[in-house]
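[1] No sequence on hand, only this structure:
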C-alpha cells in the first residue's frame, strides 16, 4: 500500500479557542459597569511547505489574554491585550518568521447609546 503524501500548506491540526471571558462588576455609582477578562489559544500543527513534502514548518501554539473595562454607562470602553504571551514566535506557512509577544491597547468612546 502506497503512503499518501500530505497536502502542502495544509496542517493536519489547526484550531482556535477565542474569547473565553469572565465578566462582572456592576457598581451602584455607574462609574464602572463591566470588567471582562478574555483570552485565546491558537494552534497550527506542523505541515509541509513544498510540493515534494521535503520542507517542514513545525507546529506552533500561541496564547493571548487581555482585560476590558466599561465606564460611565458603557460610554467609554478601554482594553489592553497581550498576544503570544510565551513569546513562542515560530514560522508561518511560507517559512517566514512570525513576530513574538505583542501588546495592544484600545480606547472606544460611544457618542450615542441605545435606549
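    Perfect, I can see it now. The structure presented is a predicted model; accordingly, all values stated were derived computationally and were not measured.
[2] number of nearby residues for the residue lying closest to residue 75 once chain neighbours are set aside?
    Spatially, and ignoring its direct neighbours in sequence, residue 75 is nearest to residue 110 (5.5 Å; Cβ to Cβ, 6 or more residues apart in numbering). No exception for glycine: its C-beta is placed from N, CA and C like everyone else's. Other residues lying near residue 110 total 13 when counted by other Cβ atoms under 10 Å.
[3] now do residue 48
    Counted with other Cβ under 10 Å, residue 48 comes out at 19.
[4] Kindly report the same for residue 47.
    For residue 47, using other Cβ under 10 Å, the count is 21.
[5] Kindly state the beta-bridge partners for residue 66.
    Counting by DSSP bridges, residue 66 forms beta bridges with residue 38, residue 81.
[6] The residue nearest to residue 75 and residue 73 touch, don't they?
    No. Using Cβ atoms under 8 Å as the test, residue 110 is too far from residue 73 to be in contact (9.4 Å).
[7] Provide the partner residues of residue 34 in its beta bridges.
    residue 70.
[8] if we can go back for a sec, for the residue nearest to residue 75, give me its contacts.
    Contact analysis of residue 110 by Cβ atoms under 8 Å, 6 or more residues apart in numbering lists 74, 75, 76, 77.
[9] Name the nearest residue to the first one, sequence neighbours excluded.
    The shortest distance from residue 74 to any residue that is not its chain neighbour, by Cβ to Cβ, 6+ apart, is 6.1 Å, and that residue is residue 33.
[10] do the same with the third one
    Take residue 76 and drop its neighbours on the chain: the residue closest to it by Cβ to Cβ, 6+ apart is residue 109, 5.5 Å away.
[11] what's across from residue 61 in the sheet?
    residue 43.
[12] and it, how many neighbours?
    14.
[13] That one reaches residue 40, doesn't it?
    No. Using Cβ under 8 Å, residue 61 is not in contact with residue 40; the gap is 11.1 Å.
[14] Distance of the nearest residue to residue 90 once chain neighbours are set aside relative to residue 81?
    Nearest residue to residue 90, sequence neighbours excluded (Cβ to Cβ, 6+ apart): residue 60, at 3.6 Å. According to Cβ to Cβ, to the nearest Å, residue 60 stands 19 Å off from residue 81.
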